[in-house]
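> Everything below, folded, please.
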Amino acid sequence: MNSTLRAPAQQPDLNPFVRGYERLHIERLLLITYEDDCPPCYRPLHDSQTDLSDDEVQLFPCLFNDDFALINEGHSVPEDLAEHCPCTGLIRQVIYAVIGETLNERHHVGDLYSMEQAQTLIERLNFETGHYSRAWEISTVHLPDDALHYLESRVGNFASRPTGLLFEPFALPDCNGVGCKLIGTPWTDDSLLNIEDRPYSSLRQEQLDAGTPAALVEVLYLAALADVRLLIFDPDAAVLAGLTVFDE
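Numbering: from 1, shown residues only. Below you'll find the predicted structure:
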């Protein structure tokens with residue numbers, strides 16, 4: 001088998017281990033109608049009025065621009081701020097938009113009509129798209145021979161001690177497979193600096209210096225970025241689309 005991997009210079013744009021949405025969050029928006037022939041628009045409240053409750057906002061007239069809206073009925077709006085809001089409208093509904101990211105792209109997941117509903121949706125999405133499901137089984141073709149032999153030698157040596165490299169191999173004799181327990185995920189600089197006081201580049205170099213094959217280091221890195229905790233290599237498992245394959 002051929003191994004031609006090089007150390008990545010930066011976090012990859014595409015990671016086949018990533019599933020579902022990342023960084024789910026809620027944005028409170030106002031559905032505003034204005035001129036009869038114009039479709040409704042969505043705006044957040046200006047920072048000075050974010051403490052207003054839904055009941056203090058819904059069905060009230062407002063001033064707005066491309067960036068925010070201001071309730072002008074029953075509230076004193078500074079003249080210089082009002083000058084930046086050339087449009088007038090009526091707030092028909094308060095919307096709690098759930099926003100997520102995939103591969104650094106922003107996605108509008110859906111609209112709810114209360115903060116509680118939006119929070120419940122995020123909890124369900126986190127569960128169903130992998131936040132708590134951190135075990136993967138992939139084909140052994142994603143590792144070259146030297147990487148497989150390295151793992152097999154680690155689990156076959158009963159005298160071997162923990163690697164101290166934030167992953168520990170374990171054997172799966174019933175399926176001729178081998179697994180890795182990943183520790184301290186995700187392996188981002190922010191996360192590792194908090195728990196290990198070192199960036200990922202230092203961890204990667206320690207892994208390589210300890211004799212870990214570069215191809216294995218790369219696969220573990222991608223899995224750890226997606227917060228995988230258990231990674232199993234099985235000759236009968238499916239190939240993971242988008243991940244390097246080492247042909248015989």
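> Can you pull out the low-pLDDT segments for the protein?
Applying pLDDT under 70 to the chain flags residues 1-13, 103, 127-133, 157-161, 248.
> And the helices in it?
79-82, 115-128, 145-156, 189-195, 200-209, 214-225 (DSSP state H).
> mind giving me JSON lines with those helices and columns for mean neighbour count and distance to residue 175?
C-beta coordinates here come from the backbone N, C-alpha and C atoms, glycine included. Shown next, in JSON lines, are the helices of the chain (neighbours: other Cβ atoms under 10 Å; distance: least, Cβ to Cβ, whole Å):
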{"stretch": "helix 79-82", "mean neighbour count": "10", "distance to residue 175": "66"}
{"stretch": "helix 115-128", "mean neighbour count": "15", "distance to residue 175": "27"}
{"stretch": "helix 145-156", "mean neighbour count": "17", "distance to residue 175": "13"}
{"stretch": "helix 189-195", "mean neighbour count": "13", "distance to residue 175": "31"}
{"stretch": "helix 200-209", "mean neighbour count": "16", "distance to residue 175": "26"}
{"stretch": "helix 214-225", "mean neighbour count": "23", "distance to residue 175": "18"}
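> what about residue 37, neighbour count?
A count of neighbours around residue 37, defined by other Cβ atoms under 10 Å, yields 5.
> picking that back up, in a markdown table, list the helices of the chain along with distance to residue 166.
What follows is the helices of the chain, written out as a markdown table (distance: least, Cβ to Cβ, whole Å):
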| stretch | distance to residue 166 |
| --- | --- |
| helix 79-82 | 51 |
| helix 115-128 | 24 |
| helix 145-156 | 14 |
| helix 189-195 | 8 |
| helix 200-209 | 6 |
| helix 214-225 | 8 |
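> looking at those, which is closest to residue 56?
helix 115-128 (14.7 Å; Cβ to Cβ).
> Show me what that closest one is packed up against.
Packing partners of helix 115-128 (3 or more Cβ pairs under 8 Å, 6 or more residues apart in numbering; DSSP states H and E): strand 22-33, strand 87-102, strand 105-112.
> Tell me which of these lies nearest to residue 194.
Per Cβ to Cβ, nearest to residue 194 of the helices and strands packed on helix 115-128: strand 22-33, 17.6 Å.
> Can you point out the buried residues in that closest one?
For strand 22-33, burial by neighbour count (16 or more other Cβ atoms under 10 Å) applies to 22, 24, 26, 29, 30, 31, 32.
> Other residues contacting it?
Outside strand 22-33, the residues that touch it by Cβ atoms under 8 Å, 6 or more residues apart in numbering are 40-45, 50, 57, 62, 64, 69, 89-102, 109, 115, 118-119, 122, 125-126.
> returning to what we had before: CSV for the buried residues of strand 22-33, including distance to residue 243?
Below are these laid out as CSV (distance: Cβ to Cβ, whole Å):
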residue, distance to residue 243
22, 19
24, 25
26, 33
29, 38
30, 44
31, 43
32, 46
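> ok so, going back, ok, which of the helices and strands packed on helix 115-128 comes nearest residue 226?
So among those, strand 22-33 is nearest, using Cβ to Cβ, at 9.1 Å.
> How far does that closest one sit from its chain's centre?
Centre-to-centre, strand 22-33 and its host chain are 18 Å apart (Cα atoms, centre = their mean, to the nearest Å).
> Who does residue 95 form a beta bridge with?
Residue 95 has these beta-bridge partners by DSSP bridges: residue 29.
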